[in-house]
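Enquirer: got a predicted model here, sequence first, then my questions.
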Amino acid sequence: MKYNIIEEKGKIILKDIKNFEPKHIFECGQAFRWKVEEDKSYTTVAYGKVLNVKKENDDIILSNTNIEDFNNIWYNYFDLDRDYDEIKKELSKDPILDEAIKFGEGIRILNQEPFEMVISFITSANNQIPRIKRSIELMSKHYGEKIVPGEQEYYSFPTAENLSNAKPEDLKEICKVGFRGERIVQTARIIANGELDLNSIYNLTRDEGKELLMTLPGVGPKVSDCILLFAFNKDDAFPVDVWVKRVMEHFYLKEDTNVKLIGTHGARIFGNLAGFAQQYLFYYARELGIGK
């Protein structure tokens with residue numbers, strides 16, 4: 001992908017970058033710690049760093065960072081070595097996706113921290129995005145580490161060790177995670193104790209990774225596919241939430257269909273690009289209220 005990088009004090013500017021629309025990326029259901037600011041920029045905490053992202057004309061401005069962190073963290077995080085023009089060209093052969101891509105043309109799949117994705121998507125089960133975001137921020141505040149880039153308080157996502165020592169009732173009462181409290185603590189303990197090595201999943205297939213992740217409390221088919229897609233580069237993962245179910249039934253299947261079967265159909269129809277198709281379809285369905 002062609003763009004120029006300019007480093008200024010505390011900023012990295014990506015000049016004339018294509019396929020990078022902050023609203024599409026940060027509001028397409030893949031990440032829960034991005035907050036829109038009054039100036040329409042977005043701020044997050046990821047990998048223990050606070051980052052602000054703003055689009056100005058065809059440029060993306062990354063604030064509170066430097067070239068070292070850009071090379072070591074943000075280049076991979078924003079999936080900048082991938083040619084999204086080629087992905088969209090291939091997916092646009094499908095007339096439905098051709099329309100969907102017009103709505104979310106600036107989507108990129110973020111490469112996020114595995115443990116955070118495990119806990120975040122356990123928290124997401126039968127939940128709504130504003131509540132998920134609130135619970136994750138409360139968990140970070142009470143069990144993470146304070147980061148001080150400026151006047152506002154920011155907290156890193158808690159480690160497996162810290163969450164393994166949490167009390168489920170505290171997670172329920174303080175962090176508002178509801179019935180998920182026990183599952184979060186149990187999963188954190190399994191990972192903190194080394195009973196499951198998350199990093200091993202990078203070297204597994206999607207099916208192998210899915211089978212391993214589903215041994216964790218609170219991780220089912222949809223949650224495991226979300227983790228695989230957003231943390232482990234498993235581009236053939238096809239998470240099926242309520243919006244994806246509706247859009248697949250509306251355009252492709254023409255009838256009420258079991259969620260598991262929809263996932264199978266998605267993988268069959270879109271192949272190795274299923275994860276990208278899922279993101280475009282999710283954003284399209286939610287923006288238009290398809291099937292609602």
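Expert: Received the coordinates, thanks.
Enquirer: give me the pLDDT value at residue 149.
Expert: Predicted confidence (pLDDT) at residue 149: the value is 64.
Enquirer: export the lowest-mean-pLDDT helix or strand in the chain to PDB, keeping only CA atoms.
Expert: Among the helices and strands of the chain, helix 259-270 carries the lowest confidence by mean pLDDT, DSSP states H and E, at a mean of 89. Only the C-alpha atoms of helix 259-270 are listed here, as PDB (Å, rounded to 0.1, in the frame of the first residue of the first chain):
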ATOM      1  CA  VAL A 259     -26.400 -19.800  13.300                       C
ATOM      2  CA  LYS A 260     -23.900 -22.600  12.900                       C
ATOM      3  CA  LEU A 261     -25.100 -23.300   9.400                       C
ATOM      4  CA  ILE A 262     -24.800 -19.600   8.500                       C
ATOM      5  CA  GLY A 263     -21.200 -19.700   9.600                       C
ATOM      6  CA  THR A 264     -20.600 -22.700   7.400                       C
ATOM      7  CA  HIS A 265     -22.300 -21.000   4.500                       C
ATOM      8  CA  GLY A 266     -20.200 -17.800   5.000                       C
ATOM      9  CA  ALA A 267     -17.000 -19.800   5.000                       C
ATOM     10  CA  ARG A 268     -18.100 -21.700   1.800                       C
ATOM     11  CA  ILE A 269     -19.200 -18.600   0.000                       C
ATOM     12  CA  PHE A 270     -16.300 -16.200   0.800                       C
END
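Enquirer: list the buried residues of that helix.
Expert: By 16 or more other C-beta atoms under 10 Å, the buried positions in helix 259-270 come out as 259, 262, 263, 265, 266, 267, 270. Bear in mind the C-beta positions are built from the backbone N, C-alpha and C, glycine included.
Enquirer: next: stretch 243-260.
Expert: Buried residues in stretch 243-260 (16+ other C-beta under 10 Å): 243, 244, 245, 246, 247, 248, 249, 251, 257, 259.
Enquirer: again, but for stretch 100-111
Expert: Of all the residues in stretch 100-111, those buried under the rule 16+ other C-beta under 10 Å are 100, 101, 103, 104, 106, 107, 108, 109, 110, 111.
Enquirer: separation between the closest residue to the fifth one other than its chain neighbours and residue 103?
Expert: Just to be clear, that refers to residue 106. Nearest residue to residue 106, sequence neighbours excluded (C-beta to C-beta, 6 or more residues apart in numbering): residue 21, at 2.2 Å. For residue 21, the distance to residue 103 equals 11 Å [C-beta to C-beta, to the nearest Å].
Enquirer: go on, residue 200?
Expert: Distance from residue 200 to residue 103, counting by C-beta to C-beta: 37 Å.
Enquirer: so residue 140 lies in a helix, does it not?
Expert: Yes. Under DSSP: H, G, I helix; E, B strand; the rest coil, residue 140 falls within a helix.
Enquirer: I figured it hits residue 45, correct?
Expert: Yes. Using C-beta atoms under 8 Å, residue 140 is in contact with residue 45, at 7.1 Å.
Enquirer: list residues touching both of these two?
Expert: The contact sets of residue 140 and residue 45 overlap at 33, 155, 156, 157 (C-beta atoms under 8 Å, 6 or more residues apart in numbering).
Enquirer: is residue 35 in contact with residue 50, as I believe?
Expert: No. Here residue 35 lies out of contact with residue 50, judged by C-beta under 8 Å, at a distance of 10.8 Å.
Enquirer: and residue 129, how far from residue 281?
Expert: Taken as C-beta to C-beta, the span from residue 129 to residue 281 is 17 Å.
Enquirer: please parse the chain into its domains.
Expert: Per the TED database, the structural domains of the chain span 4-81, 114-232, 242-288.
Enquirer: would a markdown table of those domains with distance to residue 92 be doable?
Expert: What follows is the domains of the chain, written out as a markdown table (distance: least, C-beta to C-beta, whole Å):
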| stretch | distance to residue 92 |
| --- | --- |
| domain 4-81 | 13 |
| domain 114-232 | 20 |
| domain 242-288 | 10 |
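Enquirer: appreciated, that's everything.
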